[in-house]
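Undergrad: A predicted structure for the sequence below; I have some questions about it.
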Amino acid sequence: MAKRNMVEALNLALRQEMERDPSVIVLGQDVGINGGVFRVTDGLHARFGGDRVLDTPLVESGILGSAMGMAIGGLKPVAEIQFDGFTFNAMAQLEGNVSRYRSRSRGRWTVPLVLRFPYGGGVRALEHHSEAREALYALPGVKVVIPSGPRNARSLLVAAIRDPDPVVFLEPKRSYRAFKEEVPDEEEVGVIGQAQVVRPGTDVTVVSWGAMMRPVLEAVENLAGEASVEVVDLLTLHPMDVATIATSVRKTGRLVVVQEGYRAFGPSSEVVAAVLDEVFWDLEAPIQRVTGYDVVTPYFARESLYLPDSARVQQAIRKTLNP
Amino acid sequence: MPAVTTFTIPYLQVLDEHGRLDAKKDPRPSREVALRLYHGMVRAREVDDRLLKLQRQGRIGTFAPTTGQEASSCAPALNLTDRDWLVVSFREAPAQLMRGIPLFRIFLYNAGFEEGNEVPEGSRTLPLAVIVASQALHAVGIGQAMNLRGEKDAAVLVFLGDGGTSQGDFYEAINLAGVWQVPVVFVIQNNQWAISTPLARQTRAETLAQKAVAAGIPGIRVDGNDALAMFRATREALDRARSGGGPTVIEAVTYRMRMHTTADDPKRYRDEAEVEAWKAKDPIPRFRGYLEKRGWWDAAREEALVSEVRKEIDDSVKEFEAEAERLLREHPDASFDHLYAVPPAALKAQREEFLRRVRGEA
Ligand SMILES: Cc1ncc(C[n+]2csc(CCOP(=O)(O)OP(=O)(O)O)c2C)c(N)n1
Ligand SMILES: [Mg+2]
């Protein structure tokens, strides 16, 4: 086993999948010689050449639209968009075509592609480089995957590449180099659509994903002795693993959902609605949500004031325990 | 087969890289105008140097350096009247400064404050656009508003990069500009690179100016490191726009002398020799030579200018740091401002909760 950060883990997944399957190709802005602005594709151009690692011009709609064509044409494209804020230039292709092509062609043409990009705040970047807009990609026909650490990032990217449907893969950029984990060289394939109980507990369930898992686990650590907290890492946002969440809340009777992005119409709303649908009568306290505010993503001078942190998570957990 | 159409793209250079003047093409700016332009270019270079230092010291965040692009940014902006509009991308601090955006706001923006985007009252200037080429469409819309409202004698100047010309938004903008005959001047800063992508892998077209041909509007290529050529080309295009002659695309051939942003390492993808070769084409000494030949400039004036500009920068840095400190202390909730004309109740409640929390009251 080797210790790897998330960038190295993602790089390993890409490299191994490209070695295993010659139809896997990578495309995006600056992904070739430059290795991507976060270096996720570092070394791939040297290893596999320009026919499998394509530096594109500055064309987000072109990247996703042509990736769809490549997928129909027999390749497995892994398309990178440089930052979350620029995915919206490709949104017309995602909503209008990629998500619905299996359906539109009545199963004849499918779109096995991965659209991956760094998302979220915490790296003191410019406007449009710190957005957490996960819910916007959760379209019928698309899967939305968000890893939280190097090991699941690697195994889920492998799964996403092998998935027969389009997968939007959001990488928590502030976790890119924040910590390392053991990531084996041997193949590990994650399961898309499956949430994971990463800490068992009995008093309260905390559901989160991506970059928020770190403040969540820190909060739980700080509350050790005070509360037994069960933590669920969603990993796949859409379609959501309601069964795992419901099983946990049925046991604990209390729920806190932690989401980085603005509050309205985010994934946390969906988690809460699903819990109310499934386990309403098992709830013992009002559900708490820790989220961003309903504002334009703050510029970096003040962003840390707005991003949910462990203190807010702790406070929310206490509130569910003492309603 | 007979040709249905053919095209030529004119090239304008007035002052070549050896300082030789093509007198027939000299726009002959007045002494006052020429010195304002030179001042703007030197000031922009000094500001860029200071930004780099501040970034290295951790006092601002990542920024996009402008060294080498002073002529192609300042000269177009110098030609604007108060009735004209300026629409910039993220690498156009020289034009913003030329336009009168206060220097401390540039620092504030690069330190991650929304307030850095504030435009002085009465200035027809938009905040910078980070989403590449999106601003080209806004410029066209402003131009069409002028057309529809019967506003005469004003134009819109919009900047974008060579990478930006690949975007759908750019093609849509020039197409609309042609169809609507808007008073818009597009300046493409062809600085040869879009992060690690060289022009040759951005497009197969020989020039970027020729993209205008497909939209049915005039396109011209200009030596972007030649202040006189940029001054002349943009003045003519703006005059034409103001007098109902429609849009123009100007391709300014220049060079990004520094990294894409301070988060970028150009050694990974480009040859230092290329950068060295472009140093010989630096727009600032070239224009200085012209001023000297006209008897408008000398070493003493140069020295005075540089020390004046550095003093101004020192003062602006102090002003910016004091303002940054004040904003964090007094106004942590700035993100709740200016979202709606009338803030909805739910947002007011969020703002109150936010303030209680950051003040340690919650
Ligand atoms: C739509 C969009 N995609 C990607 C980016 C990230 N990005 C910022 S600048 C840049 C390159 C821009 O190149 P160019 O237009 O030539 O301008 P330059 O940086 O050379 O000034 C890229 C890819 C962005 N800002 N907007
Ligand atoms: Mg460029």
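TA: Looks like it came in fine. Ligands and ions are numbered 1, 2, ... in the order given.
Undergrad: for the closest residue to ligand 2 within the stretch 151-300 of chain B, which non-adjacent residue is closest in space?
TA: Nearest residue of the stretch 151-300 of chain B to ligand 2: B:Gly161, at 3.8 Å (C-beta to the ion). Bear in mind the C-beta positions are built from the backbone N, C-alpha and C, glycine included. Counting by C-beta to C-beta, 6 or more residues apart in numbering or on different chains, B:Gln189 is the residue found nearest to B:Gly161 once chain neighbours are left out, at 5.2 Å.
Undergrad: that neighbour in helix, strand or coil?
TA: Classification of B:Gln189 using DSSP: H, G, I helix; E, B strand; the rest coil returns strand.
Undergrad: just to revisit the earlier point, burial check on the residue of the stretch 151-300 of chain B closest to ligand 2, number of neighbours?
TA: Counted by other C-beta atoms under 10 Å in any protein chain shown, the residues lying close to B:Gly161 total 27.
Undergrad: A:Ser304 now?
TA: Around A:Ser304 sit 12 other residues, with neighbours defined as other C-beta under 10 Å.
Undergrad: again with the one 3 residues further on
TA: The burial count assigned to A:Leu307 is 21, neighbours taken as other C-beta under 10 Å.
Undergrad: now do it, the pLDDT please.
TA: The predicted local distance difference test score for A:Leu307 is 98.
Undergrad: and the closest residue to it other than its chain neighbours, what is it in contact with?
TA: Excluding the flanking residues, the one nearest A:Leu307 by C-beta to C-beta, 6+ apart is A:Gly121, at 5.6 Å. If you count contacts by C-beta atoms under 8 Å, 6 or more residues apart in numbering or on different chains, A:Gly121 has them with A:Ser130, A:Glu131, A:Ala132, A:Arg174, A:Ala211, A:Glu260, A:Thr297, A:Phe300, A:Glu303, A:Leu307.
Undergrad: by neighbour count, which of those wins?
TA: The member of the contacts of A:Gly121 that has the most neighbours, counting by other C-beta under 10 Å, is A:Glu260 with 31 neighbours.
Undergrad: from ligand 2, how far off is that one?
TA: Here the distance between A:Glu260 and ligand 2 works out to 32 Å (C-beta to the ion, to the nearest Å).
Undergrad: closest point of chain B to ligand 1, which residue?
TA: Ligand 1 sits closest to B:Gly161 of chain B, with a gap of 2.3 Å, by C-beta to the nearest ligand atom.
Undergrad: next, that residue: phi, psi?
TA: The phi/psi pair for B:Gly161 (degrees, to the nearest 10) reads phi -100, psi 170.
Undergrad: burial of the residue of the stretch 201-350 of chain B found nearest chain A, as a residue count?
TA: Of the residues in the stretch 201-350 of chain B, the one nearest chain A is B:Ser335, at a distance of 4.2 Å by C-beta to the nearest C-beta. The criterion is other C-beta under 10 Å. On that basis, B:Ser335 has 23 neighbouring residues.
Undergrad: contacting residues for it?
TA: Applying C-beta under 8 Å, 6+ apart as the definition, the contact partners of B:Ser335 turn out to be A:Tyr293, A:Val295, A:Val296, A:Pro298, A:Arg302, A:Tyr306, B:Glu114.
Undergrad: among the residues you listed, name the buried ones.
TA: Restricting the contacts of B:Ser335 to buried positions leaves A:Tyr293, A:Val295, A:Pro298, A:Arg302, A:Tyr306, B:Glu114, with burial counted as 16 or more other C-beta atoms under 10 Å in any protein chain shown.
Undergrad: can you redo the residues you listed as CSV with secondary structure and distance to B:Arg288?
TA: Formatted as CSV, the entries for the buried ones among the contacts of B:Ser335 read as follows, by DSSP: H, G, I helix; E, B strand; the rest coil; distance: C-beta to C-beta, whole Å:
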residue, secondary structure, distance to B:Arg288
A:Tyr293, coil, 51
A:Val295, coil, 47
A:Pro298, coil, 43
A:Arg302, coil, 42
A:Tyr306, helix, 47
B:Glu114, helix, 37
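Undergrad: between those, which sits nearest A:Gly266?
TA: Set against A:Gly266, the nearest of the buried ones among the contacts of B:Ser335 by C-beta to C-beta is A:Tyr293 (11.4 Å).
Undergrad: that closest one contacts B:Glu352, correct?
TA: No: when contacts are counted by C-beta atoms under 8 Å, A:Tyr293 is not listed as touching B:Glu352 (11.3 Å).
Undergrad: which residues of the chain fall in helices?
TA: Since no chain was named, I'll use chain A. Shown for chain A, the helices assigned by DSSP state H span residues A:6-20, A:44-48, A:60-72, A:91-96, A:101-104, A:150-162, A:213-222, A:242-252, A:267-279, A:303-306, A:310-321.
Undergrad: was after chain B, sorry
TA: For chain B, the helices defined by DSSP H occupy B:31-56, B:70-78, B:93-98, B:103-110, B:134-149, B:168-180, B:199-202, B:211-215, B:227-242, B:272-279, B:283-293, B:299-330, B:345-358.
Undergrad: to A:Ser61, which of the ones you listed lies closest?
TA: Shortest distance between A:Ser61 and those, using C-beta to C-beta, is found for helix B:168-180: 5.7 Å.
Undergrad: show me which residues of the closest one are buried.
TA: B:Gly168, B:Asp169, B:Phe170, B:Tyr171, B:Ala173, B:Ile174, B:Leu176, B:Ala177, B:Gly178, B:Trp180.
Undergrad: any chance of these in a markdown table with distance to chain A and pLDDT as columns?
TA: Listed next are these as a markdown table, based on distance: C-beta to the nearest C-beta, whole Å; pLDDT from 0 to 100:
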| residue | distance to chain A | pLDDT |
| --- | --- | --- |
| B:Gly168 | 6 | 98 |
| B:Asp169 | 8 | 98 |
| B:Phe170 | 9 | 98 |
| B:Tyr171 | 11 | 98 |
| B:Ala173 | 14 | 98 |
| B:Ile174 | 16 | 98 |
| B:Leu176 | 17 | 98 |
| B:Ala177 | 20 | 98 |
| B:Gly178 | 21 | 98 |
| B:Trp180 | 23 | 98 |
